[in-house]
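A.B. asks: sequence first, then the predicted structure:
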Amino acid sequence: MKMKTGVQLAFMMFVEYFIWCSWYVTMATYMGEHLHSSGIQIGAAYSALAIATMISPFFIGMVADRYFSAERIMGVMHLLGAVLLFVASTIKGNSAFYWIILLYSLLYMPTIALSNSVAFHQMSDPGKQFPWIRVFGTIGWIVAGLLVGYLGWEKSNATFHLAAGASLVLGIASFFLPNTPPKGVAADASSSLGTQAFVLFKNRPYLIFFIAAILVCIPLSFYYGFANSFLNELGMKNAAGKMIMGQISEGLFIVAIPFLFNSIGVKKMLLLGMTAWILRYICFAYGNIETSSWMLYAGIILHGVCYDFFFVTGYMYTEKKAGQQIKNAAQGLFTFATYGLGMFIGTWFSGYIVDGYAAGTGHDWKDIWLVPAYIAAGVLIYFILFFREKKQLPNN
């Protein structure tokens with residue numbers, strides 16, 4: 001891969017995830033401040049991305065792959081997305097805001113897969129080259145969070161303006177990315193969803209893991225949807241900037257995964273991930289600014305273990321179990337089930353719980369965070385009791 005191509009791909013990944021973080025992390029705080037949204041309304045807004053995640057595989061597999069160059073359709077989507085992000089900043093009602101966010105999510109989520117396609121198409125050795133390109137996405141997320149926090153924009157519609165501007169830049173830049181031509185063959189609905197991978201459910205350990213992955217998305221939804229609101233309500237200054245410690249932690253722990261995956265095994269890694277979820281929410285439940293701020297920071301930093309040791313490990317485990325023939329279908333199915341179905345359930349459920357523990361102008365955050373802690377503990381017990389991987393996974 002040429003240096004120029006590498007720079008273009010790194011820039012693409014940086015801005016792709018800069019856009020997402022700019023508005024997503026602080027959306028609940030903005031909605032509570034400007035739209036006076038309930039927990040259910042905030043959960044519904046976050047569920048828009050889950051809905052888009054479930055729909056986007058059909059669009060990518062049945063339309064984009066057949067008719068359009070990946071970089072061109074990505075450019076069009078980001079340009080349209082820039083308009084919708086700006087419109088979102090002007091909306092005054094919760095219903096209209098939800099529909100704008102849903103429409104935007106339907107445009108944005110396919111660009112994740114499209115950006116990966118553009119990157120992979122240019123690589124001679126994706127296994128070695130892709131992580132070095134993808135890490136710029138994490139850097140983009142970190143920079144956006146630091147910027148929003150530093151500028152004090154967490155409760156401002158300026159976050160949407162920032163995301164819209166970045167989306168406009170990437171939309172234009174996409175037309176100058178290396179050519180990634182359409183494959184010319186349309187996938188049917190079955191293959192787009194990844195149903196060929198249903199054969200994996202005949203393997204009992206994978207089925208147990210798959211169910212656990214869907215369930216653990218419920219605790220994940222609490223963090224994504226309400227952590228920033230929680231920290232702001234407690235009075236933490238520059239909460240968005242400090243939450244970036246979670247992404248830094250994610251970047252550091254992901255380096256250790258390939259070594260641990262082969263040394264301690266998939267079960268222990270998944271158990272560590274689920275244990276981290278319990279610890280994180282206990283820290284949030286009992287932490288406070290005055291005497292136990294370290295617990296709040298610990299809850300943020302644990303994001304690296306929570307995410308990497310369960311979801312990144314889960315993708316690796318899925319690839320090992322699937323083998324070469326159904327690898328792509330299996331990854332698509334895993335994404336559909338977790339970031340689609342699991343997050344859809346989790347975003348709505350978390351909204352109901354947050355509303356249930358509303359107290360005047362604030363919330364009883366201790367009781368709120370104990371709910372995902374209990375759920376994570378239940379998933380952990382279920383996994384310990386039923387997951388049995390009897391033999392070494394084959395190398396592909």
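C.D. replies: Here it is on my side, so go on.

A.B. asks: how about low-confidence regions in this structure?
C.D. replies: Applying pLDDT under 70 to the chain flags the ranges 57-66, 127, 183-195, 324-325, 327-328, 390-396.

A.B. asks: report how many residues lie close to the nearest residue to residue 298 once chain neighbours are set aside.
C.D. replies: Spatial nearest neighbour of residue 298, chain neighbours left out: residue 283 (4.8 Å); criterion: Cβ to Cβ, 6 or more residues apart in numbering. For glycine as for every other residue, the C-beta is placed from the backbone atoms N, C-alpha and C. Residue 283 has 21 neighbours, counted by other Cβ atoms under 10 Å.

A.B. asks: tell me which element residue 283 is part of?
C.D. replies: helix 266-286 (DSSP states H and E).

A.B. asks: then the next helix or strand after that helix to CSV, C-alphas only?
C.D. replies: With elements assigned by DSSP H and E, the helix or strand that comes after helix 266-286 is helix 293-301. C-alpha atoms of helix 293-301 as CSV (Å, rounded to 0.1, in the frame of the first residue of the first chain):
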residue,chain,number,x,y,z
SER,A,293,-14.4,10.7,42.4
TRP,A,294,-11.8,7.9,41.8
MET,A,295,-14.7,5.5,41.4
LEU,A,296,-16.2,7.6,38.6
TYR,A,297,-12.8,7.6,36.8
ALA,A,298,-12.5,3.9,37.4
GLY,A,299,-15.9,3.3,35.8
ILE,A,300,-14.8,5.3,32.8
ILE,A,301,-11.4,3.7,32.4
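
A.B. asks: what does helix 293-301 contact?
C.D. replies: 227, 231, 234, 236, 242-243, 245-246, 249, 279-281, 283-284, 286-289 (Cβ atoms under 8 Å, 6 or more residues apart in numbering).

A.B. asks: swap the cut-off to 10 Å and go again
C.D. replies: 223, 227, 230-231, 234, 236, 239, 242-250, 252-253, 276, 279-289, 292, 306, 369 (Cβ atoms under 10 Å, 6 or more residues apart in numbering).

A.B. asks: again, but for stretch 342-349
C.D. replies: Looking at stretch 342-349 with Cβ under 10 Å, 6+ apart, the contacting residues turn out to be 39-40, 42-51, 53-54, 213-225, 336-338, 350, 371-372, 375.

A.B. asks: circling back to that earlier point, right, and the residue nearest to residue 298 touches residue 372 too?
C.D. replies: No - Residue 283 is beyond contact range of residue 372, at 12.0 Å (criterion: Cβ atoms under 10 Å).

A.B. asks: picking up where we left off before, for the helix holding residue 283, name the packing helices and strands.
C.D. replies: On a contact count with 3 or more Cβ pairs under 10 Å, 6 or more residues apart in numbering; DSSP states H and E, helix 266-286 meets helix 204-234, helix 239-263, helix 293-301, helix 303-307, helix 313-322, helix 365-386.

A.B. asks: which stretch among those helices approaches residue 153 most closely?
C.D. replies: Residue 153 lies closest to helix 239-263 among these, at 7.9 Å (Cβ to Cβ).

A.B. asks: and the angle from that closest one to helix 204-234?
C.D. replies: Relative orientation of helix 239-263 and helix 204-234, computed by axes from the mean of the first three to the mean of the last three Cα atoms, to 10 degrees: 160 degrees.

A.B. asks: okay, the angle between helix 239-263 and helix 313-322?
C.D. replies: 30 degrees.

A.B. asks: what is the neighbour count of the residue lying closest to residue 314 once chain neighbours are set aside?
C.D. replies: Spatial nearest neighbour of residue 314, excluding adjacent residues (Cβ to Cβ, 6+ apart): residue 213 at 5.6 Å. As a burial measure, residue 213 scores 21 neighbours (other Cβ under 10 Å).

A.B. asks: just residue 280 next, same as before
C.D. replies: Other residues near residue 280 come to 28 when the count uses other Cβ under 10 Å.

A.B. asks: how close does it get to residue 199?
C.D. replies: As judged by Cβ to Cβ, to the nearest Å, residue 280 and residue 199 stand 34 Å apart.

A.B. asks: how about residue 48?
C.D. replies: Distance from residue 48 to residue 199, by Cβ to Cβ: 32 Å.

A.B. asks: between those two, point out the one with more neighbours.
C.D. replies: In terms of neighbours (other Cβ under 10 Å), residue 48 is the more surrounded of residue 48 and residue 199; the figures are 24 against 14.

A.B. asks: wasn't the more buried one part of a helix?
C.D. replies: Yes - membership of residue 48 in a helix is supported by DSSP: H, G, I helix; E, B strand; the rest coil.

A.B. asks: quick one: it from residue 99, how far?
C.D. replies: Residue 48 is 9 Å from residue 99, by Cβ to Cβ.

A.B. asks: go on, residue 378?
C.D. replies: 35 Å.

A.B. asks: got it, and residue 79?
C.D. replies: Counting by Cβ to Cβ, the gap between residue 79 and residue 99 amounts to 20 Å.

A.B. asks: likewise residue 340?
C.D. replies: As judged by Cβ to Cβ, residue 340 and residue 99 stand 19 Å apart.

A.B. asks: returning to that earlier point: out of the contacts of helix 293-301, which are buried?
C.D. replies: 223, 227, 230-231, 234, 236, 239, 242-250, 253, 276, 279-285, 287, 306, 369 (16 or more other Cβ atoms under 10 Å).
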